[in-house]
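Participant: just the structure for this:
(chains A, B, C and D)
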There are 2 protein chains.
Amino acid sequence: MAIPKLTTLELRIMEAVWKHGACSVREIQEAFPAAGRPAYTTIQTTVYRLETKKALRRVKKISNAHIFEASISPHAARGKLIDELLSLFGGGPSLLMAHMIETGKLTKEDIAEAEEVLAKHKRKGKSE
Amino acid sequence: MAIPKLTTLELRIMEAVWKHGACSVREIQEAFPAAGRPAYTTIQTTVYRLETKKALRRVKKISNAHIFEASISPHAARGKLIDELLSLFGGGPSLLMAHMIETGKLTKEDIAEAEEVLAKHKRKGKSE
DNA sequence: TAGTATCTACTACGTCTATAGTAGATTCGC
DNA sequence: GCGAATCTACTATAGACGTAGTAGATACTA
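Facilitator: Presented below is the predicted three-dimensional model:
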């Protein structure tokens, strides 16, 4: 199943659903910071679009409100974003990492952490 | 100077200008792979839009053609992209790195390379 | 200089996105 | 059961993007 391309607002809605679990349009809307919160119907429209994109689906109805659930995982959605970014950086992580180092976003600690994660991942991978 | 938001096509045009240096619309168009190359006027329109976004500027005229030059650096433009991605990953590189490791995009070698870049960067940074 | 090629400037248009209003259905409280 | 609140479904719209055509200006060539 291909991960659909999600826009910023769509992604923020997905984040809300991923975080809160199955929820209504109202709950999604209220997950947005009160300052600059989009209108209820703005969220509603975008939720519907996420539905046609197969990123959300209706699971049940509570009272007169539909309850939505994510059909794609945060892991998969983020993976797609990363793939797209990497493709703009020549396909590999080198340029991306180099850039983060130059701009101070990637520190010694982050690298050490990455090594640990890698080691852990390798151990798991071995058993597959 | 804020870096404007660039779309995919815009970014590909910028890449061409960054690579070739100041060039004409025709040269930009021909930098695209022949298969699926957009029409001349498609490039032209997008170049104009990049001009209003202050990402490109006309520097001179050769014969009857304008020559364009980048007003923003690849470094800055890529930095903006990375910032946007990182903000979707909680602001830090950890989640991003972890994801790349899990999906096999980040290897031991990449991490070793990053360490070298970091060391090199630190040496340079010290003298500033 | 006359014809041809090229380029600019402008216009057009379908799609997508963010935005939100409205009408009618549903439900809840009393 | 009736009024108020809430929700859905539909409609609308402005701006951005990718796409490209056309008319007129400019320049090269023979």
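Participant: quick one: A:Leu118 and B:Glu109 touch, right?
Facilitator: No: the pair A:Leu118 / B:Glu109 is not scored as a contact, 10.8 Å apart, by Cβ atoms under 8 Å. For the C-beta atoms, the positions are set from N, CA and C on the backbone; glycine is no exception.
Participant: how deep is the residue nearest to A:Ser24 when sequence neighbours are not counted tucked in, by neighbour count?
Facilitator: Nearest residue to A:Ser24, sequence neighbours excluded (Cβ to Cβ, 6 or more residues apart in numbering or on different chains): A:Ala65, at 4.6 Å. Neighbourhood size, A:Ala65 [other Cβ atoms under 10 Å in any protein chain shown]: 13.
Participant: against A:Asp83, how distant is A:Ala65?
Facilitator: Using Cβ to Cβ, to the nearest Å, A:Ala65 is found at 35 Å from A:Asp83.
Participant: same check, this time on A:Ala77
Facilitator: Taking Cβ to Cβ, one finds A:Ala77 at 11 Å from A:Asp83.
Participant: more crowded one of these two?
Facilitator: It is A:Ala77, of A:Ala77 and A:Asp83, that has more neighbours when counted by other Cβ under 10 Å, with 22 against 14.
Participant: who touches that one in this structure?
Facilitator: If you count contacts by Cβ atoms under 8 Å, 6 or more residues apart in numbering or on different chains, A:Ala77 has them with A:3, A:6, A:11, A:14, A:55.
Participant: can you do 10 Å?
Facilitator: A:3-6, A:10-11, A:14-15, A:18, A:55, A:70, B:88 (Cβ atoms under 10 Å, 6 or more residues apart in numbering or on different chains).
Participant: need the buried ones from those selected in ChimeraX.
Facilitator: Burial among those is assessed by 16 or more other Cβ atoms under 10 Å in any protein chain shown; the matching ChimeraX selection reads:
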select /A:3,4,6,10,11,14,15,55,70 /B:88
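Participant: I'd like to know which of the contacts of A:Ala77 are part of helices.
Facilitator: If you go by DSSP state H, those have A:10-11, A:14-15, A:18 in helices.
Participant: now, which of the residues you listed sits nearest DNA strand C?
Facilitator: A:Glu10 (5.1 Å; Cβ to the nearest atom of the strand).
Participant: wait, isn't the closest one in contact with A:Thr52?
Facilitator: No: the criterion here is Cβ atoms under 10 Å, and A:Glu10 misses it with A:Thr52 at 11.3 Å.
Participant: common neighbours of these two, please.
Facilitator: Joint contacts of A:Glu10 and A:Thr52 (Cβ under 10 Å, 6+ apart) are A:Pro4.
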